[in-house]
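> Sequence and predicted structure are below.
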Amino acid sequence: MYNSVLIQKFINKMMWDGKKSKVERILYGALDIAAEKLKKPQLEVFEKAVNNVRPLMEVKPRRVVGATYQVPIEVSVERGQAISMKWIRENARARAGHSMQEKLAAELIDVYNSTGPSMKKREDTHKMAEANKAFAHFRW
C-alpha cells in the first residue's frame, strides 16, 4: 500500500501463522489512527517512530579466559531497525485492553513522541553499553 520496504518488514515481523492480510489490516488501521491523532502522513509517522527507537549501541557477551564480559558494540542500521521493530511489536502486544489496532497505534504515537516502554528499552540498552565501555577493548 505504501510501497515501503520498512513497512513490509514490519508486517512480516508482526505476522502469526502466516496471516499476512490480517496483519496488514491491523497495521494500516493503526497507521490511520496514529496519523489522524498526530496530523502527519502515515509513512512519516511510521518511519520516524522506527528511527526514534533504533538503538545505536548494544552489548554482546564475550567470553575471555574464564570471565564473560558485556562488550558494547555499534549496531548497524539494518540490525537497529530490526531491533526497534521487535520492541515496538512486543510493547504493543503487551499493552492492556483495546484491539491490536488501537494498541499498535498508541505505541507508534508514544514512540513518535519519544516516550513509552520502547523508548525506555532503548535508553536502558544505551545505559548498559555506556556502563560497560571499559570492556570495549574486548571487541573483535
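Looks like it arrived, so ask away.
> low-confidence ranges in this protein?
140 (pLDDT under 70).
> what's the distance between the residue nearest the centre of it and residue 138?
Nearest to the mean C-alpha position of the chain, by Cα atoms, centre = their mean, lies residue 84 at 1.9 Å. Look at residue 84 and residue 138: by Cβ to Cβ, to the nearest Å, they are 26 Å apart. For the C-beta atoms, the positions are set from N, CA and C on the backbone; glycine is no exception.
> And the strands in the protein?
Using DSSP state E, the strands assigned to the chain run over residues 57-64, 67-74.
> Export these as a markdown table, with columns for distance to residue 115 and mean neighbour count.
As requested, those are arranged in a markdown table below (distance: least, Cβ to Cβ, whole Å; neighbours: other Cβ atoms under 10 Å):
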| stretch | distance to residue 115 | mean neighbour count |
| --- | --- | --- |
| strand 57-64 | 21 | 14 |
| strand 67-74 | 25 | 15 |
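> Residue 14: which of those strands is closest?
strand 57-64 (22.2 Å; Cβ to Cβ).
> now that closest one and strand 67-74, what's the angle there?
150 degrees (axes from the mean of the first three to the mean of the last three Cα atoms, to 10 degrees).
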